[in-house]
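**Q** would you be able to build a 3D model of this:
(chains A and B)
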Amino acid sequence: MQQTLFTLIAVLAFWPAGAAEPPSANLTVKPVLCIVDERTPTCDLSFVIAWQALQLGYYCVLNDHDVEPLRCWADSQSGRTTDSRKLTESIEFRLEEGEAGMLVATATVDVLRKDSDDRRRRRRTRYVWDVL
Amino acid sequence: MRNLAVTIFVLFLPLLAKGAESPWRLGMALGYGERGNPLVASDDIPVVVDLDIAWFGKRFFFDNGDLGFTFHDGRRVTASLVARARSDQVFFGRANFEFVNISLAGDALEDDAPLELPDRDFAGELGFEVLADGRWGFLQINAFHDVTGVHDGYEVSLDYGIGLRSGRWYFEPGFRLAYKSAKLNDYYWGIRIDESNPVLPTYEAGDGVNTGLRLNASYHFSKRWAFRMAVDYEELNDEIAASPVVDRDNVVGYFAGISIDF
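**A** Purely as a prediction, here's the structure:
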């Protein structure tokens, strides 16, 4: 039983990724990471958002902070736009297809918080092997 | 067994909570570095893995070997009672056994004689720690006394650093002053009569102040992965540097590698 389980896990772990269906569209956002701390509590970012689809169609780029789409394209297979905003938490951009808004691709911009209310997290230990 | 699993799950549950700061800080850095060893005929200490295991509760905390109880956490200052181990013993565990024809005091020997460095122990220390921070940087003041009867000495230290961020880069320069009592210095770096021999003359170390500079830098590739490097220079006080078992007056540490935060 245990051996069968290990075999199953091994097969799933090494199953070729190419066996899955290729995504119908690709969405990229740059930059993908912003770091905030006490000195810089918000990220003031300008994004470059680009997408490419396998077929022509009506596509919109949205994000989970706004209700309205950022921009839409008709009879297009690719697009590019920019967006500027202040962030304090991560934001997800979505590429949706058609009037029904079928989700075809996502991209996340992470906001990494390096500030902390607990100043003990910055304390230094003094062991011989502590170099960092 | 089931109770253990439940306990582990409860302890790690905060990691799953989105938004709130987890009491845990778990990380690991893989790379290469060294801590210089000031002892004669001794190897430097390689550092390949740097683990970061810490847990911060409201009052109690564990930080990579230090155990603390916070009795004041104010707007400007945090004060804690801390127990820790003194790890200077590690330097003594890396001595090479050598035959020499000159004593460590510089006198010529008639015959080759073995150089055997004395053994030293870890010490358990208890003390107070005060932390303060602001836009000016952060300050850590410690006062620790041996409570295990190993060296019976004490140390008072001050550590200042300031964090500077530029995009994904983070730099943290800092400096350190550490006063070491005569008993502390003498236990680790002195040579007792019963340890002395033709190669190793007796030596009594007094008190002194070590000074140090450091620079940490990191570059975040993503939320979890980063490149990290650190350089640390510590100037040993004259009483340590003059010990016959010490052949340099400083300890340099460095590390560069890739880290992951869990």
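**Q** which parts of the stretch 151-262 of chain B sit against chain A?
**A** B:157, B:159, B:161, B:163, B:165, B:167-168, B:170, B:216, B:220, B:222-223, B:228, B:230, B:232, B:253-255, B:259 (Cβ under 8 Å from any Cβ of the partner chain). C-beta coordinates here come from the backbone N, C-alpha and C atoms, glycine included.
**Q** ok, longest strand in chain A?
**A** Across chain A, the longest stretch assigned as strand under DSSP state E is strand A:43-63.
**Q** and that one, what other elements does it pack with?
**A** On a contact count with 3 or more Cβ pairs under 8 Å, 6 or more residues apart in numbering or on different chains; DSSP states H and E, strand A:43-63 meets strand A:25-30, strand A:33-36, strand A:71-87, strand A:91-97, strand A:102-113.
**Q** near chain B, which residues of chain A show up?
**A** So chain A meets chain B at A:32-33, A:35, A:37-40, A:110, A:112, A:114, A:116-132 (Cβ under 8 Å from any Cβ).
**Q** okay, how far is it across stretch A:118-132, tip to tip?
**A** 20 Å (Cα to Cα, to the nearest Å).
**Q** show me which residues of that stretch are buried.
**A** A:118-121, A:123-124, A:126-132 (16 or more other Cβ atoms under 10 Å in any protein chain shown).
**Q** show me the helices in the stretch 1-150 of chain B, by range?
**A** Taking DSSP state H, counting those that start in this stretch, the helices of the stretch 1-150 of chain B run over residues B:2-16, B:89-92.
**Q** lowest average pLDDT across those helices?
**A** Set side by side, the helices of the stretch 1-150 of chain B differ in mean pLDDT, and helix B:2-16 is lowest with a mean of 47.
**Q** with adjacent residues omitted, what lies nearest to residue A:117?
**A** residue B:21 (7.5 Å; Cβ to Cβ, 6 or more residues apart in numbering or on different chains).
**Q** typed the wrong thing, it's residue A:79
**A** Here the residue nearest residue A:79, using Cβ to Cβ, 6+ apart, is residue A:73, at 4.6 Å.
**Q** likewise residue B:214?
**A** Per Cβ to Cβ, 6+ apart, closest to residue B:214 is residue B:232, 4.3 Å.
**Q** so the one you found belongs to a helix, correct?
**A** No: for residue B:232, which was evaluated using DSSP: H, G, I helix; E, B strand; the rest coil, the result is strand, with no helix membership.
**Q** ok, it - contacts?
**A** A:131, B:212, B:213, B:214, B:252, B:253, B:254 (Cβ atoms under 8 Å, 6 or more residues apart in numbering or on different chains).
**Q** so where's chain A uncertain?
**A** A:1-22 (pLDDT under 70).
**Q** partner residues bridging the residue most central in space within it?
**A** Residue closest to the mean C-alpha point of chain A, counted by Cα atoms, centre = their mean, is residue A:108 at 1.8 Å. With DSSP bridges as the criterion, residue A:108 is bridged to residue A:92.
**Q** is it true that it touches residue A:91?
**A** Yes: the criterion here is Cβ atoms under 8 Å, and residue A:108 meets it with residue A:91 at 7.3 Å.
**Q** state the phi and psi torsions of residue A:40.
**A** phi -130, psi 80 (degrees, to the nearest 10).
**Q** list the contacts of it.
**A** Contact analysis of residue A:40 by Cβ under 8 Å, 6+ apart lists residue B:165.
**Q** tell me how many other residues surround residue 114.
**A** No chain specified, so I'll use chain A. 16 (other Cβ atoms under 10 Å in any protein chain shown).
**Q** you looked at the wrong chain, it should be chain B
**A** Around residue B:114 there are 12 residues (other Cβ under 10 Å).
**Q** likewise for residue B:69?
**A** Using other Cβ under 10 Å, residue B:69 is surrounded by 12 other residues.
**Q** distance of it from residue B:138?
**A** 20 Å (Cβ to Cβ, to the nearest Å).
**Q** who does residue B:69 bridge with?
**A** Beta-bridge partners, per DSSP bridges, of residue B:69: residue B:60, residue B:81.
**Q** and the closest residue to residue A:29 other than its chain neighbours, how far from residue B:226?
**A** Among residues not flanking residue A:29 along the chain, residue A:107 sits closest, at 4.3 Å (Cβ to Cβ, 6+ apart). To residue B:226, residue A:107 is 21 Å away according to Cβ to Cβ.
**Q** same deal with residue B:62?
**A** Residue B:62 is 23 Å from residue B:226, by Cβ to Cβ.
**Q** can you check residue B:50 too?
**A** 12 Å.
**Q** next: residue B:256.
**A** 12 Å.
**Q** any weak-confidence spans in the stretch 101-250 of chain B?
**A** Checking the stretch 101-250 of chain B against pLDDT under 70 turns up B:104.
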